[in-house]
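>>> I'll drop the sequence and a predicted model, then ask my questions.
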Amino acid sequence: MTPSARAGVTDATSDSETSTDVETGAAGPGPASERPPTTDAEGRGGLRLLAARLAPVVVLAVLAYLPYLPVDVPGVLPGRLNGPGSMQLLATCLVIGGIALSYDVLFGRAGLLSFGHALFVAAGSYLLTISTASWSLPLPAAVGLALGLSTLLALVVGAVALRVGGIAFAMVTLAFAQAASIIVMRDPGGTTGGEEGRTVNRAALPDLLVGVANAPYRYWLALAFLALTWVAVSLLVASRAGHAMAAVRENEQRAAVIGLGTYRVRLLALVAGSFLGALGGVVHALVLGGSSPHLTTSEFTLSLLVMVVLGGAGSRWGAVIGGVLYTYADARLVEVSGAGVLQSLPEVVRQVLSQPLFILGAFFVVVVYFAPSGLTGLGGRIIRKAGVSS
């Protein structure tokens, strides 16, 4: 075959291949062939990703607008939606939701079962009230002092407690928290207020945070704290430190073998979670107008653990939803148990419904049994099944 004939065969073959690529949609030369067709599954995945990113923004916008809605919700809230009682209840729910999210940094992200998280929440709360009432510090200085000393306390406690692991770590943190609770209850020098707690010096607070009429501003303060905690945890989880925490949580020995400093990673998780918890204690004191000794008890830490497991450990939505629902249910059940509506019920039913902790405990058992991954895990499975069926 002559050179010219061979060239003709080559050109024909090239033209045939190009034509086949165009007809069959295969990836051939040219910009158009470099873009594979988008499947329906990929399109749905992109929509789900977009929805997941926009959901927190939409929820934040809706929650921020609630104080402008004069809507009555009988049986759900104590009065109008934007009334002082409802705003105070919702603000408390948001603060506890943010504190539960800070505890999830330890338990859900790093796998640290701590029974002493209440220590750091109480430290932030009491240091703020003491520094404003006893030391007459301005609010910015009091907040900075409370966060600084609480973070230092977390560093010291973590450096000691993390020398052991497992249940021993939980017991060491519980010992620290119990020691702090005893000190608060004994009220040394009249500093902590004992069983009565300690109130914030109102002269140190801005006018927008004082008074019944300014309940919406305290609500927005609680919402801002929750949003800030959400962003901080999101950034932490997406960082290299967050990936290291996940590795330590899944298999600490394997993480140590590949060169991760497991002690430093766990200490970072404890300090970060404790800092956010102390910030929650500060906001809690500003919203409620003082510090309560209940924040120092192990019962409060156990409540945080229940909140995180109820909503879904290792999930931002889970910790927040668990904290908000638990706080709301606890407050409303206490109010219902003291109302006369239960008097018409049988004695056995009335005794059961008059114990809010019993109802919450029973609900917790049911959720853990039927949805081990929490409410958010159950919701995720329902959404995925609905997407597959559609």
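Arrived safely, thanks for sending. These numbers come from a predicted model, not from an experiment. Numbers count the residues shown, from 1 in each chain.

>>> and the strands in the stretch 51-200 of the chain?
Taking DSSP state E, counting those that start in this stretch, the strands of the stretch 51-200 of the chain run over residues 198-199.

>>> show me where it has helices.
84-104, 117-133, 139-161, 167-186 (DSSP state H, counting those that start in this stretch).

>>> so what's the residue count around Ala179?
13 (other Cβ atoms under 10 Å). The C-beta positions use only the backbone N, C-alpha and C, and glycine is treated the same way.

>>> picking that back up, and the helices of the stretch 51-200 of the chain, which is most packed in?
helix 117-133 (a mean of 28; mean count of other Cβ atoms under 10 Å).

>>> distance from that helix to the middle of the chain?
Computed by Cα atoms, centre = their mean, to the nearest Å, the chain-centroid distance of helix 117-133 equals 20 Å.

>>> can I get that helix in PDB, CA atoms only?
Only the C-alpha atoms of helix 117-133 are listed here, as PDB (Å, rounded to 0.1, in the frame of the first residue of the first chain):
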ATOM      1  CA  HIS A 117     -19.100  19.600  81.500                       C
ATOM      2  CA  ALA A 118     -21.400  21.400  83.900                       C
ATOM      3  CA  LEU A 119     -18.200  22.700  85.700                       C
ATOM      4  CA  PHE A 120     -17.200  24.900  82.700                       C
ATOM      5  CA  VAL A 121     -20.800  26.100  82.000                       C
ATOM      6  CA  ALA A 122     -21.100  27.100  85.700                       C
ATOM      7  CA  ALA A 123     -17.700  28.700  85.700                       C
ATOM      8  CA  GLY A 124     -18.700  31.000  82.800                       C
ATOM      9  CA  SER A 125     -22.000  31.800  84.500                       C
ATOM     10  CA  TYR A 126     -20.700  32.400  88.000                       C
ATOM     11  CA  LEU A 127     -17.600  34.300  87.000                       C
ATOM     12  CA  LEU A 128     -19.700  36.700  85.000                       C
ATOM     13  CA  THR A 129     -22.100  37.300  87.900                       C
ATOM     14  CA  ILE A 130     -19.400  37.600  90.500                       C
ATOM     15  CA  SER A 131     -17.200  39.900  88.500                       C
ATOM     16  CA  THR A 132     -20.200  42.300  87.800                       C
ATOM     17  CA  ALA A 133     -21.800  42.100  91.300                       C
END
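
>>> elements contacting it?
Applying 3 or more Cβ pairs under 8 Å, 6 or more residues apart in numbering; DSSP states H and E, one finds that helix 117-133 makes contact with helix 84-104, helix 139-161, helix 167-186, strand 198-199, helix 262-288, strand 290-291, helix 298-311.

>>> alpha carbons of the second one, as CSV, please.
It stands for helix 139-161. What follows is helix 139-161, C-alpha atoms only, in CSV (Å, rounded to 0.1, in the frame of the first residue of the first chain):
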residue,chain,number,x,y,z
LEU,A,139,-19.7,43.8,81.1
PRO,A,140,-17.0,43.4,78.3
ALA,A,141,-14.3,42.9,80.9
ALA,A,142,-16.5,40.5,82.9
VAL,A,143,-17.2,38.4,79.8
GLY,A,144,-13.5,38.3,78.9
LEU,A,145,-12.5,37.3,82.4
ALA,A,146,-15.1,34.6,82.6
LEU,A,147,-14.1,33.0,79.3
GLY,A,148,-10.4,33.3,80.0
LEU,A,149,-10.5,31.7,83.4
SER,A,150,-12.9,29.1,82.3
THR,A,151,-10.6,28.1,79.4
LEU,A,152,-7.7,28.0,81.8
LEU,A,153,-9.7,25.8,84.1
ALA,A,154,-10.6,23.5,81.2
LEU,A,155,-6.9,23.2,80.3
VAL,A,156,-5.9,22.3,83.8
VAL,A,157,-8.7,19.8,84.3
GLY,A,158,-8.1,18.2,80.8
ALA,A,159,-4.4,17.9,81.4
VAL,A,160,-5.1,15.9,84.5
ALA,A,161,-8.2,13.9,83.5
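
>>> centre of the chain to that helix, how far?
20 Å.

>>> now swap in the third one and tell me
Using Cα atoms, centre = their mean, the distance from the centre of helix 167-186 to the centre of the chain it belongs to is 23 Å.

>>> tell me what angle it forms with helix 139-161.
Helix 167-186 and helix 139-161 meet at an angle of 140 degrees, taking axes from the mean of the first three to the mean of the last three Cα atoms, to 10 degrees as the criterion.

>>> helix 167-186 vs helix 117-133, what angle?
Counting by the same axes, to 10 degrees, helix 167-186 lies at 30 degrees to helix 117-133.
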